[in-house]
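[1] Structure for the following, please:
(one chain, ligands or ions: 1)
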Amino acid sequence: MFFPKKKQAEPRPVPDHIAIIMDGNGRWAKKRSLPRTAGHAAGAETFRRIATYCKDIGVKYLTVYAFSTENWKRPKEEVDAIMRLLDKYLREAIGQMERDRVKMKFFGDVSVLSEELRALIARTDEISTHFEGCQVNVCVNYGGRDEIMRAARGWAEDGFAGGEEGFSSKLYSSGIPDPDLIIRPGGEKRLSNFLLWQAAYAELYFTDMLWPDFTTADLDAAIDEFDRRTRRFGGI
Ligand code: FPP
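    The predicted structure is shown next:
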């Protein structure tokens, strides 16, 4: 009997670099009559699940917006709660990064963070130098304009050497390819000072879903949409 050879499913192209604006934590909590901080705790769990999934499907870089230069305007207890979540996440991650092959890098001015957080960040930086793996970039006290201003100052100190590449090398993202796909849940359709330089040719994907509700299936839907788009980078 002849059995036609089963056609193998084509492997789905996955973006090398996905960036996410984790928006909607506060509204998620409000809908449940919970404090906003509960929304951030749920958002941190979503981040953990999505980061693991990104690594599993072969995404090389994941960049997330955890705390912007403008988020200091929020009530102190909310700021403190986000910092505590970051502290908790880093303590847990430190023991598992090498085993899970997840590297970490921080974008933003972390010099203003607590001594404990800075020590944890230094430790994750150090561990990340020992192996290759999926790199998670966490943006904390980050703003796209602030990053561009800092880079401009650094580039000026170098006598504006190296053109666009020389400038890019002064950004927090130095050496990392630009994001292919930027995802923003939460219903707003803007970048909110996120990766302003690096977003030049990124595909943008917006969804009304609130970040704590975002699942791996939702990430798959965003990647499917990305795969259907034609990227021309200014060509035809
Ligand atoms: C935006 O939602 C979210 C933030 C400003 C904080 C994001 C922080 C986390 C997910 C937790 C810590 C991160 C890590 C990496 C462990 P919003 O509060 O503006 O939501 P809203 O628009 O519904 O009010």
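[2] Which residues are in contact with the residue of the chain found nearest the ligand?
    Here the residue of the chain nearest the ligand is G26; by C-beta to the nearest ligand atom that distance is 2.5 Å. Where C-beta positions appear, they are placed from N, C-alpha and C, glycine not excepted. The neighbours of G26, taking C-beta atoms under 8 Å, 6 or more residues apart in numbering as the test, are 36, 39.
[3] ok, then the element right after the strand or helix carrying it?
    Per DSSP states H and E: G26 is located in helix 25-31. Using DSSP H and E, the helix or strand that directly follows helix 25-31 along the chain is helix 36-57.
[4] For that next one, enumerate the helices and strands it packs against.
    Packing partners of helix 36-57 (3 or more C-beta pairs under 8 Å, 6 or more residues apart in numbering; DSSP states H and E): helix 25-31, strand 61-68, helix 76-94, strand 134-142, helix 216-228.
[5] got those as a markdown table, with mean pLDDT columns?
    Formatted as a markdown table, the helices and strands packed on helix 36-57 follow (pLDDT from 0 to 100):
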| stretch | mean pLDDT |
| --- | --- |
| helix 25-31 | 98 |
| strand 61-68 | 98 |
| helix 76-94 | 97 |
| strand 134-142 | 98 |
| helix 216-228 | 97 |
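[6] Turn the ones you listed into JSON lines, columns for distance to I18.
    JSON lines is the format used below for these (distance: least, C-beta to C-beta, whole Å):
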{"stretch": "helix 25-31", "distance to I18": "19"}
{"stretch": "strand 61-68", "distance to I18": "5"}
{"stretch": "helix 76-94", "distance to I18": "18"}
{"stretch": "strand 134-142", "distance to I18": "10"}
{"stretch": "helix 216-228", "distance to I18": "8"}
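[7] Tell me which of the ones you listed sits nearest to R184.
    Closest approach to R184 among the helices and strands packed on helix 36-57 (C-beta to C-beta): strand 61-68, 9.1 Å.
[8] Give me the contacts around the closest one.
    Under C-beta under 8 Å, 6+ apart, the answer for strand 61-68 is 16-22, 47, 50-51, 54, 82-83, 86, 107-108, 134-143, 173, 176-177, 179, 192-195.
[9] circling back to that earlier point, between the helices and strands packed on helix 36-57, which one is closest to K103.
    Closest among the helices and strands packed on helix 36-57, once you apply C-beta to C-beta, is strand 134-142, at 4.4 Å.
[10] Name the strands paired with the closest one and say parallel or antiparallel.
    strand 61-68 (parallel), strand 102-107 (parallel) (DSSP bridges).
[11] For those, give me JSON lines that also has distance to the ligand.
    Converted to JSON lines, the strands paired with strand 134-142 look like this (distance: least, C-beta to the nearest ligand atom, whole Å):
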{"stretch": "strand 61-68", "distance to the ligand": "4"}
{"stretch": "strand 102-107", "distance to the ligand": "10"}
